[in-house]
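Novice: Take this sequence and fold it.
(2 chains)
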Amino acid sequence: MSRLLPILTVLAAIVVLWYGAAVGLNSQWTYDQAARAGAEPTFVDVIEDTMMQDRPVLPAPHQVAEGLWQGVAGQKITSKRSLVYHGWITLSATMAGFALGAAAGLLLAVGIVHSRAMDMSVMPWAIASQTIPILAIAPMVIVVLASLGIKGLIPKAIIAAYLSFFPVLVGMVKGLRAPDAMQLDLLSTYNASEPQAFWKLRLPSSMPYLFASLKVGIASALVGTIVAELPAGATQGLGARLLSGSYYGQTVQIWAALFGAAILAAGLVVIVGVIERVVLRQMGLVR
Amino acid sequence: MSWQGWAAVLFWACTTAVNFRLAARWPKARAVKLFVAASFGVTLLVLWQGLVRGLEVSPVILPAPTDIAAKIGESLDLLWLDFSQTILKGALGGYLIGCGAAVATAILIDRSPFLQRGLLPVGNFVAALPIVGIAPILVMWFGFDWQSKAAVVVVMVFFPVLVNMVAGLAATDALQRDLMATYSASYWQALVKLRLPAAMPFLFNGLKIATTLALIGAIVAEFFGSPTRGMGFRISTAVGQLDLPLVWAEIAVAALAGSGFFGLMALIERAVTFWHPSQRS
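Specialist: Sure thing, here's the model as predicted:
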């Protein structure tokens, strides 16, 4: 409880600030409407109106919650207006890309740990590529692949895979090198072969690192998928929902899609965290 | 596949063999490390060039590196215009405001453990969210010019820097703080002489993460509307015209700007935290 109280206080403060900002930002429109009608609105009228405009500059929290609820529960899940439908499109591409990227990162990390030449040649570029804003070219990749006739889930999954690849690679290289010299020496006094050392020592001791980087990786895979859904022409997924909302000025729709994406991201990270706890407990590596 | 393709594959095989030999022979030498890394990069470019030419890949799908270099050479003015719009105004402006605000907030909430316990989990949570999604909203609020891009960047860099700075301010141990207390140092003296310097390695960690985020934010925000200049605008319109060499030229500029920005922060870090074990080896 003592841990929950400060968090709830901060969240409450954010909601209060949000309502204040909503009144401040939306009141302009209310005053304009009133001036056009020749009316003189009282302060209470203004506040009341700013809470329930159709296209507010900043929707109030309850409007966003209502939009979210409408999108999740108020539609059939096959409807084009359902957030569950769009969320599922985004989630499936994210998971496909994440699986691909994490597997590739794992394999390359194993190669790097066992081959000095690969370490020397690939690692500097892997780290340098982190500083490049790859996400910004995601829409281009989509358009080029679409012109090749590859559409749907695969191009988005490629971008998600690319983004989740590097955190897993860097984390796993660190993790597979985590055993110290004494432990490795012990295994060589046991006359353990390289594969035996890998399965019995390196892989188990890399698990905490693996899960830390999987959490980063799955979050960035989701970001990659959403950005990949932005180019014009996309009609499915949370990213497309954001874009169509911004085209038609449907602010409530944008915020609902944004919160849907946030809930999805939080859910994915929590799921990886739960798996982490179970696996580490099974292996006796409780933190 | 024509001869260029085979030549590139042969070159790849040769450099890989040389690299393996060098790495096995002198595993510790600095020059070998640099050479192996550089030759791997060059090999990738040669392989790209050779395969594009050898397999006669259409430039609409993937232009060859030489085409891209030629495009960079002939459109330097355009690239500079986009660079100054997106990087210098949008990304750098937002980066300075966002990081400054995050550091100031961290110092403010540092005096209240209650706020720290509340803000840190929220900050960590927000840092994992797809924040780029607020780009369309901020473009609506701040208009199409660079101010809206800077606003997106501010929001994107704020939380990673905040979380790192708060962790950094807590990095001094009790012994060091006691020493300051025996000197009867005031809060501000202890802050400036002990806790800010001790926070620097953490702060720079956050600042380096934020460089990439700043560029991503500035470029992606331009997809939602921008004046007729800027890297994101140019990428999306050039894709529409199938002018892929120009797209890749912009990507090359973005990559160079990203690495340069990151390198600059790493240099400043080395100058500021010269005392830290990770910088001394």
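Novice: Please count neighbours and contacts with C-alpha atoms only from this point.
Specialist: Fine.
Novice: Quickly note the distance from the one residue in the stretch 151-287 of chain A that gets nearest to chain B to residue A:240.
Specialist: Using CA to the nearest CA, the closest approach of the stretch 151-287 of chain A to chain B is made by residue A:223 at 5.1 Å. From residue A:223 across to residue A:240, the span is 13 Å (CA to CA, to the nearest Å).
Novice: tell me which element the residue of the stretch 151-287 of chain A closest to chain B is part of?
Specialist: helix A:203-228 (DSSP states H and E).
Novice: Give the residue from residue A:223 and residue A:240 that has the larger number of neighbours.
Specialist: Set side by side, residue A:223 and residue A:240 show more neighbours around residue A:223, with 28 against 24, by other CA atoms under 10 Å in any protein chain shown.
Novice: What is the helix or strand harbouring residue A:167 packed up against?
Specialist: Remark: residue A:167 resides in helix A:153-176, with elements defined by DSSP H and E. Packing partners of helix A:153-176 (3 or more CA pairs under 8 Å, 6 or more residues apart in numbering or on different chains; DSSP states H and E): helix A:83-114, helix A:138-147, helix A:203-228.
Novice: try it again with 10 Å
Specialist: Other helices and strands packing on helix A:153-176, by 3 or more CA pairs under 10 Å, 6 or more residues apart in numbering or on different chains; DSSP states H and E, are helix A:83-114, helix A:116-130, helix A:138-147, helix A:203-228.
Novice: for these, which one ends up most surrounded?
Specialist: helix A:203-228 (a mean of 24; mean count of other CA atoms under 10 Å in any protein chain shown).
Novice: Give me the contact status of the helix or strand just after it with chain B.
Specialist: Once the chain leaves helix A:203-228, the next helix or strand it forms, by DSSP H and E, is helix A:238-247. Yes: Helix A:238-247 lies within reach of chain B by CA under 10 Å from any CA of the partner chain, at A:238, A:239, A:242, A:243, A:244, A:245, A:246, A:247.
Novice: so who does residue A:228 touch?
Specialist: Residue A:228 makes contacts with A:90, A:135-143, A:155-160, A:222, A:234, A:237, A:239-240, as judged by CA atoms under 10 Å, 6 or more residues apart in numbering or on different chains.
Novice: close enough to count as contact, residue B:100 and residue B:161?
Specialist: Yes: proximity of residue B:100 to residue B:161 meets the contact threshold set by CA atoms under 10 Å, at 9.2 Å.
Novice: re earlier: a markdown table for the helices and strands packed on helix A:153-176, including mean pLDDT?
Specialist: As requested, those are exported to a markdown table (pLDDT from 0 to 100):
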| stretch | mean pLDDT |
| --- | --- |
| helix A:83-114 | 89 |
| helix A:116-130 | 77 |
| helix A:138-147 | 74 |
| helix A:203-228 | 86 |
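Novice: Take those helices and write them to JSON lines, including distance to residue A:270.
Specialist: Formatted as JSON lines, the helices and strands packed on helix A:153-176 follow (distance: least, CA to CA, whole Å):
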{"stretch": "helix A:83-114", "distance to residue A:270": "15"}
{"stretch": "helix A:116-130", "distance to residue A:270": "25"}
{"stretch": "helix A:138-147", "distance to residue A:270": "26"}
{"stretch": "helix A:203-228", "distance to residue A:270": "9"}
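Novice: of all those helices, which lies closest to residue B:34?
Specialist: Shortest distance between residue B:34 and the helices and strands packed on helix A:153-176, using CA to CA, is found for helix A:116-130: 8.3 Å.
Novice: Show me what the closest one packs onto, helices and strands only.
Specialist: helix A:83-114, helix A:153-176, helix B:3-25, helix B:30-54, helix B:244-272.
Novice: between those helices, which gets nearest to residue B:139?
Specialist: Using CA to CA, the helices and strands packed on helix A:116-130 put helix B:244-272 closest to residue B:139, at 21.3 Å.
Novice: starting at the chain centroid, how far to that closest one?
Specialist: Chain-centre distance of helix B:244-272: 7 Å, with CA atoms, centre = their mean, to the nearest Å.
Novice: Could you check it and say which residues are buried?
Specialist: Of the residues in helix B:244-272, B:244-255, B:257-259, B:261-263, B:265-266, B:269-270 count as buried by neighbour count, 16 or more other CA atoms under 10 Å in any protein chain shown.
Novice: Touching both of residue B:100 and residue B:161, which residues are there?
Specialist: residue B:106.
Novice: So for residue B:281, what's the pLDDT?
Specialist: On pLDDT, residue B:281 comes in at 57.
Novice: quick revisit: looking at residue B:100 and residue B:161, which one has more neighbours?
Specialist: residue B:161 (29 against 16).
Novice: so residue B:255 makes contact with residue A:133?
Specialist: Yes: Residue B:255 is within contact range of residue A:133, at 6.7 Å (criterion: CA under 10 Å).
Novice: okay, and the common contacts of those two?
Specialist: Taking CA under 10 Å, 6+ apart as the criterion, residue B:255 and residue A:133 both touch B:212, B:215.
Novice: and the residue in the stretch 51-200 of chain B positioned nearest to chain A, what does it touch?
Specialist: Across the stretch 51-200 of chain B, the shortest distance to chain A (CA to the nearest CA) belongs to residue B:118, at 3.9 Å. Taking CA under 10 Å, 6+ apart as the criterion, residue B:118 is in contact with A:3, A:4, A:5, A:6, A:7, A:8, A:9, A:10, A:11.
Novice: Those also near chain B: which ones?
Specialist: The subset of the contacts of residue B:118 within reach of chain B, by CA under 10 Å from any CA, is A:3, A:4, A:5, A:6, A:7, A:8, A:9, A:10, A:11.
Novice: Turn these into CSV, including pLDDT.
Specialist: Output for the ones next to chain B among the contacts of residue B:118, formatted as CSV (pLDDT from 0 to 100):
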residue, pLDDT
A:3, 75
A:4, 81
A:5, 84
A:6, 82
A:7, 82
A:8, 86
A:9, 85
A:10, 83
A:11, 85
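Novice: which two in those are spaced the farthest apart?
Specialist: A:3 and A:11 (13.2 Å).
Novice: In space, what's closest to residue B:139 - neighbours in sequence excluded?
Specialist: The shortest distance from residue B:139 to any non-neighbouring residue, by CA to CA, 6 or more residues apart in numbering or on different chains, is to residue B:148 (5.1 Å).
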